[in-house]
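Enquirer: Curious how this folds, go ahead:
(4 chains)
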Protein chains: 2
Amino acid sequence: MPETGTETGRPAAIDKRRAILEAAILVFARQGYHATRVSDIADEAGVAYGLVYHYFRSKEAVMTELFTERWSLLLAAGEDVMAGEESPRVKLSAIAGFIIDSYRHNPELMKVIIIEVTRAANSFGRTHLPQIREAYDQVAQIVAQGQRDGTFRTDIDADFVGMSFYGAIEQLLSGWVFELMPATDEEFDGAREMVVELICGGLDRRD
Amino acid sequence: MPETGTETGRPAAIDKRRAILEAAILVFARQGYHATRVSDIADEAGVAYGLVYHYFRSKEAVMTELFTERWSLLLAAGEDVMAGEESPRVKLSAIAGFIIDSYRHNPELMKVIIIEVTRAANSFGRTHLPQIREAYDQVAQIVAQGQRDGTFRTDIDADFVGMSFYGAIEQLLSGWVFELMPATDEEFDGAREMVVELICGGLDRRD
DNA sequence: TCATCTAGATTGACTGGTCAATCAACCGGT
DNA sequence: ACCGGTTGATTGACCAGTCAATCTAGATGA
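Expert: Numbers count the residues shown, from 1 in each chain, chains lettered A, B, ... in the order given. Alright, predicted model coming up:
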């Protein structure tokens, strides 16, 4: 049943590693990082305790792997968006959309990443601060571009917008995670439009 | 030397309790809640280990006391602002100002509250969610009022703005705490104006 | 004035439990 | 008979919370 394991060389071995990661997502999402024991991960994965340490140096390394895998996708998507020819507003919308879709398609993983890493500034947040910051910078650069080409006003600092934009989106995700707000498909789409509309258009009524 | 201890009855006793709280602020801010041992608090306060448990039921109770004390001030300030006759924009500015000033005057305490409670949705954040939410609601109500009297557009949900507004401000505080952004007096004032300008005015250039 | 009493404040050694990480042994396929 | 994958009992460290003992200062009374 297991394939030839052509290039990677290992047949079902990699599956166990993957099973551990998937299990970790579930357990971290359910209990939070601090409250989960390594044995919880092993149990959820249907694997012996020690095997976790065969594939990962530590409990922290498991979390780091989850974060890095997904965050690099986010950053790559951001780079793609930045390279495009769209208007700044459409670019911001695309970034917001990508994050929100990530949540839509894998809420547990995104919950873990946002709650346990991005917003946990005292533990993982500090460790991965450079990568997190990179995401903010992408937004800031899009804003700066909009300022250069005249679509955006120049009296609001682009870096400042980058942080605010992410702050708002992360807060929304938190709201969905903890059921402060309904998490339906319409909410997701509505939210993407609203963040962008709020940041770009502002609350003030125009006449 | 100690006063008569008229009403409260206890002379220097209360001081020790206070000393423990102040020490907890410093230690929590320095190491984070999870990484601080109760003995760290006692040492910092210059007090015996057991005394912490004389005044507080648990380590968690110390944190809760810190949060509740300060958060009730924030909520009270919010109520005051809401009751005023100012324009919605000025009210939002006042709320942002109060939070930012809290940080300016007691950065350690605000660091603890924002990082360890407000944004730690899996531990204290969950416990104090109702109170935290109350703060978001105040902003939402101010926005809703602005929508009713015609100064704000009505196609952006007021609750949504409440969360985004706080999300942005908390992100700014995090930026200062972890030195992503310079934390000078000019920055503080500039930030207050920029959040409000961004949320109300929006990025788009007006012609 | 001073001895005694009392209640709360203060001390820190100790207990009980938890859990991350290790490791020696045990597969099963080649 | 070899080797990576796999097992789970064991170890060692850590730490929140308990508790019995000690201290202090004001109150009472002779």
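
Enquirer: Could you list the low-pLDDT ranges of chain A?
Expert: A:1-13 (pLDDT under 70).

Enquirer: Indicate the residue of it located nearest to DNA strand D.
Expert: Closest approach between chain A and DNA strand D, counting by C-beta to the nearest atom of the strand: A:G50, at 1.7 Å. Placement of C-beta: from N, CA and C, glycine included.

Enquirer: Pull out the buried residues from the stretch of helix or strand that residue belongs to.
Expert: Element membership for A:G50, per DSSP states H and E: helix A:49-55. Applying a neighbour-count criterion of 16 or more other C-beta atoms under 10 Å in any protein chain shown, one finds A:51-52, A:55 buried in helix A:49-55.

Enquirer: could you check whether the very next helix or strand once past it is close to DNA strand D?
Expert: As assigned by DSSP H and E, the chain's next helix or strand after helix A:49-55 is helix A:59-83. No: counting by C-beta under 7 Å from any atom of the strand, DNA strand D is not contacted by helix A:59-83; separation bottoms out at 12.7 Å.

Enquirer: Run the contact check for helix A:59-83 versus chain B.
Expert: No: Helix A:59-83 stays out of contact with chain B when judged by C-beta under 8 Å from any C-beta of the partner chain, the minimum separation being 12.9 Å.

Enquirer: which residues of chain A fall in helices?
Expert: A:13-31, A:38-45, A:49-55, A:59-83, A:88-105, A:107-111, A:124-127, A:129-148, A:158-177, A:185-196 (DSSP state H).

Enquirer: right, and those - which one's nearest B:G32?
Expert: Closest to B:G32 of the helices of chain A, according to C-beta to C-beta: helix A:124-127, at 9.2 Å.

Enquirer: What helices and strands are in contact with that closest one?
Expert: Counting contacts by 3 or more C-beta pairs under 8 Å, 6 or more residues apart in numbering or on different chains; DSSP states H and E, helix A:124-127 packs against helix A:59-83.

Enquirer: wait, does the helix it packs on make contact with DNA strand C?
Expert: Yes: Helix A:59-83 comes into contact with DNA strand C (C-beta under 7 Å from any atom of the strand), by way of A:59-60.

Enquirer: Contacts for that helix, please.
Expert: Identification of contacts with helix A:59-83 by C-beta atoms under 8 Å, 6 or more residues apart in numbering or on different chains yields A:20-21, A:24-25, A:28, A:33, A:38, A:41, A:52, A:56, A:91, A:94-95, A:98-99, A:102, A:109-110, A:112-113, A:116-117, A:124, A:127-128, A:131-132, A:134-135, A:138, A:141-142.

Enquirer: ok, is the helix holding A:G50 in contact with DNA strand C or not?
Expert: Yes: residues of helix A:49-55 are located near DNA strand C by C-beta under 7 Å from any atom of the strand, namely A:49-50, A:53.

Enquirer: now do stretch A:119-137
Expert: No: Stretch A:119-137 stays clear of DNA strand C (C-beta under 7 Å from any atom of the strand), getting no nearer than 13.1 Å.

Enquirer: where's that stretch relative to the chain centroid, distance-wise?
Expert: 11 Å (C-alpha atoms, centre = their mean, to the nearest Å).

Enquirer: and it, is it in reach of DNA strand D?
Expert: No: with C-beta under 7 Å from any atom of the strand as the measure, stretch A:119-137 is seen stopping short of DNA strand D, the closest distance being 14.0 Å.

Enquirer: what residues does chain A put near DNA strand C?
Expert: Contact residues, chain A versus DNA strand C (C-beta under 7 Å from any atom of the strand): A:11, A:35-39, A:49-50, A:53, A:58-60.

Enquirer: who wins for most neighbours among these?
Expert: Per-residue neighbour counts (other C-beta atoms under 10 Å in any protein chain shown) across the residues of chain A next to DNA strand C peak at A:T36, which has 20 neighbours.

Enquirer: Let me know the closest of the residues of chain A next to DNA strand C to A:F160.
Expert: A:E60 (31.9 Å).

Enquirer: circling back: of the contacts of helix A:59-83, keep whichever come out buried.
Expert: A:20-21, A:24-25, A:28, A:33, A:38, A:41, A:52, A:56, A:91, A:94-95, A:98-99, A:102, A:109-110, A:112-113, A:116-117, A:124, A:128, A:131-132, A:134-135, A:138, A:141-142.

Enquirer: neighbours around A:A121, how many?
Expert: Counted with other C-beta under 10 Å, the neighbours of A:A121 add up to 24.

Enquirer: Hmm, it is touching B:T118, no?
Expert: No: using C-beta atoms under 8 Å, A:A121 is not in contact with B:T118; the gap is 11.2 Å.

Enquirer: Need the residues touching each of the two.
Expert: In contact with both A:A121 and B:T118: no residue, using C-beta under 8 Å, 6+ apart.

Enquirer: Once you drop chain neighbours, what's closest to the residue in chain A that chain B sits nearest to?
Expert: Per C-beta to the nearest C-beta, A:G202 is where chain A lies closest to chain B, at 2.3 Å. Sequence neighbours aside, B:G202 is the residue nearest to A:G202 in space, at 2.3 Å (criterion: C-beta to C-beta, 6 or more residues apart in numbering or on different chains).
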